[in-house]
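J.: build me a model:
(chains A, B, C, D and E)
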Amino acid sequence: MIPVLFIVIPLVSGLALFFFKNEKPARSFALFSSLISLVISILGLTAFSSGQHLQFAVTWLGFLGSSFSVKVDGMGQVLCLLTAVSYPLIFIATWKNQYRKANNYFALMLLTQAGLMGVFVAMDALLFYFFWELAVIPMYFLCSQWGGEKRIQATIKFFIYTFLGSVLMLVGIIYLYSKTPEHSFSIEAFYKLGKTLSYETQEWVFWLFFFAFAVKMPIFPFHTWQPDLYEQSGSSITMVLSGVMVKMGVFACLRWLLPVVSIASYRWGDVVTSMAVIGILYASLIALKQDDLKRMVAYSSIAHIGLMGATIFSETYVGFQGVMIQMFNHCINIIGMWIVVDMIEKKCGTRKISELGGLAQRAPSLAIFAMVIGLANVALPLTNAFIGEFMMFNGIFSSSVTQYNIVFTVLAGIGIILAAIYILNMIRKVFFGDLKNSTARATDTGWSENFVLSVIVILILWMGVYPDSLLQLTKEISETILSNSDITSLLTKH
Amino acid sequence: MGVTQILFWILSVLAVFSALMVVASKNPVYSVLWLILIFFAISGLYLLLNAQFLAIVNIIVYAGAIMVLFLFVIMLMNLNRDNEPQKNKWMKFAGIVSGGCLLLVLVAALKNAETKSAVAEMGTGNIGLIENLGKALFNDYVIPFEISSVLFLSAMVGAVVLGKKEASQNSSSGES
Amino acid sequence: MQNALQLAWLVPFFPLLGFLITGLFRRQLSKTMIAIVGNAVVFASLLVSVWIFVQVKDGNSYVAEYFNFISAGSLKIPFALQIDALSSLFLLIVTGVSFIIHFYSVFYMKEESREHYGRFFSYMNLFVFSMLLLVMGANFVIMFIGWEGVGLCSYLLIGYWFKNKEYNKAADKAFIMNRIGDLGFLIAMFWILSKTGSFDFAVVFSKASALSTTDVTIITLLLFIGATGKSAQIPLYTWLPDAMAGPTPVSALIHAATMVTAGVYMIARSNVLYSLAPLSQYIIAIVGLATAILAATVALKQNDIKKVLAYSTVSQLGYMFLGLGVGAYSAGVFHVMTHAFFKALLFLAAGSVIHAMSGEQDIRKMGGLRGKLKTTYFTFLVGCIAISGIPPFSGFFSKDAILLSTYEHNKILYVIAIFGTLLTAFYMFRLLFLTFNGNFRGTDEQHHHLHESKAGITLPLIVLAILSFVGGFADIPEIFGKGGNRLTEFLAPVIPLSHGASVSHSTEMMLMFIPAVLVLLVIVYAWYRFKNYRPSEEKGLGKILENKWYVDEFYDKIFVKPLYQLGSFLNKTFERSVVDGLVNGVGKLVNYGSRQIRLLQSGQIGSYILLMVLSMLFVFIIQFFLRK
Amino acid sequence: MNALILSAVWGVVMMFSGILLKQRSAIRNFALVGLVLVLSANILEMSGTVFFHIDTKGMLVFDRFSLLAGTIIFASTLLYLIVSSKEIERVGIHYADYLALIFFILCGISLVVSFKSLLLLFLGIELITIPLYILTGSDKKNLKSNEASLKYFLLGAFSTSLMLMGIALIYGVTGSFMSLSVGVVKGEPSVLLIAGMILLLFSMAFKASVAPFHFWAPDAYDGAPTVFTSFMATVVKAASFLAFIRLFEDAFGSLQKQWQLWMAIFTAATLFIGNITAIFQQSVKKMLIYSSISQAGFMMLAIYAMNSDAKEGLIMYIAAYCLATIGLFAVLAKMSDYTFEGFNGFAKNHPLLAATMTIFLLSLAGIPLTAGFISKFYMLKAAVNTQHNLWLVIFAVVMAAVSIFYYFRLIQAMYFREGTVPKLQTTPAFRVTLVLLAAAVILLGIFPNLLLYWLYF
Amino acid sequence: MPINYYIFLSLTLFTIGIVGILIRRNAIIVFMCIEIMLNAVNLLLVAFSKMHHLQGAAAMPTAGTDGQIFVFFIMVVAAAEVTVGLAIIVMMFRNIHSIDINFLNRLKH
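T.: Numbers count the residues shown, from 1 in each chain, chains lettered A, B, ... in the order given. Prediction:
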């Protein structure tokens, strides 16, 4: 029942919120709902650890071969947990932000959460697609209604881009469905089918799926919606977008792409990995030159996700584990980063790096938090990102599906050097040096901010020192994915 | 070549020529008159095919009623002068060329149809007689017949709706 | 007493505790408390280290696994610490020197406000923690954690005075250059893993002989890239002189005594691998020597007291690498130890000078301080003698060990290395003479304030001076009598004794004393040259040297600027017009198409029917004549 | 059969009601009663109760498909009348006549959804189009309306003659007008038959406003009074597609190889022209008109695929499309300013209407959990199941993505742009019906088998 | 007569009708061209009807009747169409005093 609760709680409370009148109760209710989700996800965690099967299936659209089938496996558990963790964090971090029509705002946020949770637990391709869209559509309204001047253009670009991706994916899903002997959308049927499809077919389907996922991640060169949107939308929305939503793409690659069309993934792996690696360097280089904090973080996110993309297609067990843990870690880090950026903007009234300086004198606590989060972003050991990136690099390096593994590793590695450059640059210019007009009257963090940032820092360190707590969860599923996408046995057959 | 054959050729040429004249005439009234000539020619062809009922109906309904209506309207509008502005040359040329091509293509395609050995027998047969047709019409085709009455009703309503002068008191017509 | 070593975790634990206490409660605790905590934890570590050292000396070694750090399938990386001869020695050096420097800092930093005082000590403690982790790690990953940790701490400490932009830039530079090296380290680790299936030192080294020469060479070279970053070797050395931006104790701690020796430690630790890769060794020797000479030449013309010391550090590190490169691992480690003593001494003494000069660092504006700063002068003199390699001071023995091995290895390198030691002597005594001899060249006000530092500052100097003097006897060559080479023997479990062709005793004696004599001559020359120093504009080679061979500018032109230009190009041009332009272009095209297709809807029946007829024609022609 | 006769009779009744009843509301209620009667008669026929037993000699067959299609059509018309009757009143004085014509059209529609003889197809289509010519031109003082009517008439008559020529050629081969008799012709299809089929394809494409035979539609829809545009673009278009699929399944099912390519090309052209042109439109009405063309493109996928999924899907599509479009036009007809700017700030003044319109637009755009998604899904599924021409499917979804642009433009205008919209006169019945429509859209999106169940039970 | 002759004659008339629609601007003449097309169809149907009668009379004496019935219905529908069409044209003429179809471009988008 837990997977259903994951979806139903935010969905119901989201719909209920549309009927709220005042801001205060809406805000509290949203927080309350998200906390309940958190509690449930922790319950789910314990249940999962004790070996219970968290699944639920009921007939729905049966005549289409689809059913409402949800299951929380290791990967789903990690992602649900991160969704459940990030929502309360986001709500608390932006507790003081004022919104027009706050009830709608919170309602849409929770609907997005429902969609995200659904994506992570769906075990039926059609259901997966439903949730995929359910996550995006409230997002469209959120981004269009709350944000910067040019938000509408940015949002429509984002939406058409992702919608195009998702409908192409839909074609892929239907195509696979039509090929399954029993006409079913279930993931098992797809996995089974994947073993029998010809290469040419796989190639089609691969690109249909991959485009959708690549746009969502986003992987270079499909990323252009992202910096604009992050820049334009409100900070809490950006947090959801970058913290959780981009993981949909990564997640989907692991669950729906590799195991299903493994031969095509293998054949196109080099191309995709090249794209991802170019993206790492490209985004990092651009991030060097960004003056707007949000844009900088946006590009850094592209680089980080690029690394995940490259790892996925190198198809190694360690790499998969790394990606899964990094999904969680990246979410924590980037949410932390956005919170910091949001606070800077609120305190100083600007996001321009060139207009900031010496903030550490006025806001020492913020400076320390920013430093820790920034260092986590550059994957310093004993922070969470190190674990993920270390494993991912290891995965890329030890990949047996590509012969360019060393080149990819080195190039991606240059990305982490560049990351250090731009993050430190940013910290130096924003926090150190002399005070400027904008920072002269800034204040330090308040209680809610301290709380959220402390939670984030604790998570960063916890996951950096004892990542095994999460790695245990994803062991089994990583093996499953690897064995399903193992092409060596298939290649000998063909 | 018997008389019927000769008649067929004469009537065919007449029909085609009249059709061309309908299209070519500057004055609408002449067009109508040429059109009536086509109807007569076609009725003649019907007769050759022993479709007497249709031949008569063609003359009565088409040439007699419909064409008179046309003439009436033309006269009413005082259009019996060749004052029609010409379409531009290019358009005319394109129309003629594409029409010709269409004919060419269809003829070329259909000339090898497997029915090419079949004939439409002339001068014999009695299915075109009113008795046979009437029986079929009121036995097998009663539904379509009733439907066509509905069709006429709707045409009638239409004529009323469109033709009846609306009193100017109705100012709320339309959205603009 | 195997079990006794289980307490090893206490060594890094204490500084970590200190970091947490001083860091989190820096606003609550008084300065005294902070100082006490900050020192006590390091002292506690020192005590445990001594105890461990004693244990190890009895032949114990120990590997402790605490918990699974990362485990993924066959990849198991435990959080494990290792105690053996090498690490116990380093523990001793690190905790010992650190404690002295901590003690020194208590007084040196006393003018800082409480909050920043706490911050300083927390950074320092964190640094010690990282360094200990680096040294004690039982596998490459734990070592790497410490490795990056010290990089972080150096970043934090260099940028300690965060209001100054230049200092912060220096901090960034340190971190980034370290990062470049770290990438090499990281890839080396992956390579090791893919070839041996483990990160554990024990496993890796036991499987090393099974590796192909290519693999070992690549691995060792990659590790060496890591070392060049951390230990400031060509080409990644430029951060170290800039790192002098931090407070002087920091310079002493990080950039002289401990952190920069991490590279040496790492290579010494991996000596099994290096021994299998002669090419790598050769490259290391060349690079080390080149660094030694290059840095020495630059040091000749530097006028900032700390910069001279910084370049001398780079130069000395070059010697260590030379030693490693020629296979004299224990000599390298020995030099690390002696260097830690005298370089810490020199830096702290320099700090005392700077303190006395009210923050002035330019030696052209000093002179004649000998009278006012007696203790400082004498200790500084000890440091200079030690670094110059005059017997029987510590530097003599350690440097001699390296030079001897070099001689055995390659005569040309040996000659160049000797030349380097002469340069060392020259610039060190130039520094000494310019600072302490001659006339005072500063302002009257500075002159007025000149005073010897308090006991809290001079006491560490004296302790270090003693160590600099006696340190060399730890590994005194056997030719001076029995009981020599004790350090080498102590390290033997980790670094196998080399049984190469050794030189005869007479040659060895000669090789020891000829350089010593030459050094003395150079010192005399320096005395003549600088006893009456007048600042003058540098010309020709001097100018180039003063500007450090323009290496920074060169790097700036070749790497930094193009990088930013590329970023700028990608941001302004490529992203906007190509990537985004493509997407927007599609949008524009659709819009344009919309306008054009709209024109089909002309409103004229004739054209509609014409279009329909043309479509019909099209369909008929294809259907009847072209489709089969 | 029930509905066919009842609608014809009620059409006649409506003609006289104009004379007998003076109150317009009475006429309206009279029409609504009639429609309810027709609808319930049709539903009764689905459950087996047939009032009139007339031997049609196999020319009409009321099977499950045609009855369900008819039900959707009648229900849509009923909803349409409820939300639009006020606007019909404003068109002109012949209120009862308009309603009578609508009943005649319904009579024609029940013919074309159940014909088995080409003669009845022809008569049915004429019975639909002739009243439509009149309705298009019913705003007599308005030149646009006049022109639209004349254009529609001339082009419509032209396409009718194409259809007749096609029927004649087919008759030449088969000697019968029964559509099933075409299918049984064995061997290599005769050229005559192919030519006839293609001519029929053209004329059906014309009626369904499929490119490149769609040119009349934007002009006629735009010129017609908005309230009748709504009817033409929904119910009538749906009927055309039903006739289209019935004709091509019964008569030319065995010739699929011959026409499938053309269907694919026409589909692509329709999608392309409909969507691309819609982007540029500045008027919401024109946007909806072009969107109806692009939706026709999607419906064409069913005809292209022509399998069991296709028929189910078409039923679904028609339902989804009619519900959403009727709702949108109903609101639009009440607006005085048809431009997108006219809708700026609409949500602030009319939150309920805006919310329902958003649901309709989302449905048209094919967003999941709306009926529009399920119907598009069916179309794609049907097309993918043919296992060739995958490019067409991909093109279709790309165009669906393009359509987001203009559908969401309206949402943006309503919600995210500042502006004021004059108060619209809405009755409670209007609002309730709109909400019902929206609810139906969502309900069908979640449980499509509520509808499709009727095809098989 | 071979049936092909009828087909060709009918197609010729049909095409002349199409050409007429294409090149004339007078709505009434366009309308008359459509009538020519309808008559072409009628002629063809009658010819086919006779052809089928000849082929099928042995089996069924009424073979071919339906073709002529169809022609009858076409005439009926044409009459209805003419009624409406002329009504529209007249209405149009009342408003703009012209029946030139090229006047009809106010709906241009």
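J.: can you list the low-confidence ranges for the chain?
T.: Going with chain A. For chain A, residues meeting the criterion pLDDT under 70 lie at A:487-494.
J.: nope, chain D please
T.: In chain D, residues with pLDDT under 70: D:185-186, D:457.
J.: and the helices in the stretch 151-300 of chain D?
T.: Counting by DSSP state H, counting those that start in this stretch, the stretch 151-300 of chain D has helices at residues D:179-183, D:191-207, D:216-223, D:226-231, D:237-250, D:256-280, D:284-305.
J.: quick one: the strands in chain A, in order.
T.: For chain A, strands defined by DSSP state E occupy the ranges A:54-59, A:67-72.
J.: just those strands: most buried one?
T.: Sort those by mean neighbour count, taking mean count of other C-beta atoms under 10 Å in any protein chain shown, and strand A:67-72 sits at the top with a mean of 22. Every residue, glycine included, has its C-beta placed from N, CA and C.
J.: which residues in chain E form helices?
T.: Using DSSP state H, the helices found in chain E span residues E:3-23, E:27-56, E:65-96.
J.: picking up where we left off before, in JSON lines: the strands of chain A, plus distance to residue A:327.
T.: What follows is the strands of chain A, written out as JSON lines (distance: least, C-beta to C-beta, whole Å):
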{"stretch": "strand A:54-59", "distance to residue A:327": "19"}
{"stretch": "strand A:67-72", "distance to residue A:327": "15"}
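J.: how about the ones you listed in TSV, adding distance to chain D?
T.: Shown next, in TSV, are the strands of chain A (distance: least, C-beta to the nearest C-beta, whole Å):
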stretch	distance to chain D
strand A:54-59	10
strand A:67-72	11
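J.: just so I know, which of those strands lies nearest chain C?
T.: Proximity to chain C (C-beta to the nearest C-beta) singles out strand A:67-72 among the strands of chain A, at 20.7 Å.
J.: for residue 353, grab the count of nearby residues.
T.: Answering for chain A, as no chain was given. Residue A:353 has 19 neighbours, counted by other C-beta atoms under 10 Å in any protein chain shown.
J.: my bad, the chain I had in mind was chain C
T.: When counting by other C-beta under 10 Å, one arrives at 25 neighbours for residue C:353.
J.: mind telling me what element it is part of?
T.: Using DSSP states H and E, the element containing residue C:353 is helix C:329-356.
J.: report pLDDT for residue C:204.
T.: As predicted, residue C:204 sits at a pLDDT of 89.
J.: isn't it right next to residue C:140, touching?
T.: Yes. With contacts counted by C-beta atoms under 8 Å, residue C:204 reaches residue C:140, the gap being 7.5 Å.
J.: identify the contacts common to those two.
T.: Listed contacts common to residue C:204 and residue C:140 are residue C:192; contacts here mean C-beta atoms under 8 Å, 6 or more residues apart in numbering or on different chains.
J.: how does the chain divide into domains?
T.: Chain wasn't specified; assuming chain A. Using automatic domain parsing, the domain parsing of chain A gives A:1-267, A:268-494.
J.: wait, I meant chain C there
T.: Taken from automatic domain parsing, chain C resolves into C:1-138, C:139-546, C:556-627.
J.: export the ones you listed to JSON lines and tack on distance to residue B:146?
T.: Output for the domains of chain C, formatted as JSON lines (distance: least, C-beta to C-beta, whole Å):
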{"stretch": "domain C:1-138", "distance to residue B:146": "80"}
{"stretch": "domain C:139-546", "distance to residue B:146": "86"}
{"stretch": "domain C:556-627", "distance to residue B:146": "33"}
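J.: for chain C, what's the nearest residue on chain B?
T.: Counting by C-beta to the nearest C-beta, chain B gets nearest chain C through residue B:109, at 4.2 Å.
J.: host element of that residue?
T.: Per DSSP H and E: residue B:109 is located in helix B:89-110.
J.: anything in that helix near chain E?
T.: Yes. Contact of helix B:89-110 with chain E (C-beta under 8 Å from any C-beta of the partner chain) involves B:91-92, B:94-96, B:98-100, B:102-103, B:106-107, B:110.
J.: the helix or strand hosting residue C:612 vs helix D:191-207, what angle?
T.: Using DSSP H and E, residue C:612 sits within helix C:605-621. Here the directions of helix C:605-621 and helix D:191-207 differ by 140 degrees (axes from the mean of the first three to the mean of the last three C-alpha atoms, to 10 degrees).
J.: having no further points to raise, I will conclude here.
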